[in-house]
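1. build me a model:
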Amino acid sequence: MLSTQQHALAERALSEIDQLLNNFDLGGQIESALPLLLRHRRTLTELRNPSLSAVTATKPRDDERWADDIVTVFRDFGGQVPHAVLYRKMEELRKAAGRSWPPKAHEAIRQTLQAYNAESPQYRGGADLFRMVRSGLWRLKDHGSH
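-> The predicted structure follows:
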C-alpha cells in the first residue's frame with residue numbers, strides 16, 4: 001500500500017506527465033522523450049491503481065514496441081548495429097508494421113536504448129537489453145562484446 005505522501009507524489013507526477021503528453025508541442029521536443037514519459041506514466045498509474053496492472057500487462061506498450069523493434073533489428077544484424085543502419089531499418093520496420101515514425105524518431109531510438117540499459121542514468125528498472133559499444137554503436141546485451 002502507498003502512504004498518503006507517496007500517493008500524493010504519484011498523483012502530482014501523473015498530473016505533470018499528462019500535462020506534458022497532452023500539450024501541443026510545436027518544437028517536437030517531447031517526441032524524443034515520449035517512450036520514457038509513457039513508461040513513467042504507466043508505472044505511476046499502476047502504483048496508484050494496482051488493479052490496472054492486469055489489464056495493461058496484456059497489451060504491448062508504446063515504449064516496449066520501440067524496444068522490441070530495436071531488438072528485432074539488432075538480431076537481424078547479429079546483435080550489433082551502427083546508428084545509421086539502426087535508424088534506416090527501424091523506419092522500414094515500423095512503417096511496414098503500420099506504427100508511427102515521428103519527426104524526432106532518431107532521438108526516440110536513442111532514448112529507448114538508454115532507458116533499457118542498466119548502465120545509463122536514464123535507466124529506470126525493468127529489462128536491461130542494450131549496451132553501448134562506443135558512440136554511435138550499440139549492441140544487444142546478450143550478444144557479448146564484439
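2. which residue ranges form the strands in this structure?
-> Under the criterion DSSP state E, the chain contains strands at 80-82, 130-134, 137-140.
3. for the chain, where's the lowest mean pLDDT among helices and strands?
-> helix 52-57 (a mean of 48; mean pLDDT, DSSP states H and E).
4. for residue 120, give its distance to residue 106.
-> Distance, residue 120 to residue 106, by Cβ to Cβ, to the nearest Å: 17 Å. All C-beta spots, glycine's among them, are computed from the backbone N, C-alpha and C.
5. ugh, typo on my part, it should be residue 137
-> Residue 137 is 15 Å from residue 106, where distance means Cβ to Cβ.
6. all helices for the chain, in order.
-> 4-22, 29-48, 52-57, 62-76, 83-96, 105-115 (DSSP state H).
7. check these for me: which has the lowest mean pLDDT.
-> Per-stretch mean pLDDT for these is lowest at helix 52-57 (a mean of 48).
8. about what we covered before: go through the strands of the chain and name the closest to residue 73.
-> Taking Cβ to Cβ, strand 80-82 is the member of the strands of the chain nearest to residue 73, at 6.0 Å.
9. give me the contacts around that closest one.
-> Here strand 80-82 makes contact (Cβ atoms under 8 Å, 6 or more residues apart in numbering) with 73, 74, 89, 133, 136, 137, 138, 139, 140, 143, 146.
10. could you do stretch 131-146 as well?
-> Under Cβ under 8 Å, 6+ apart, the answer for stretch 131-146 is 71, 74-75, 78-84, 86, 113, 117, 119-120, 128-130.
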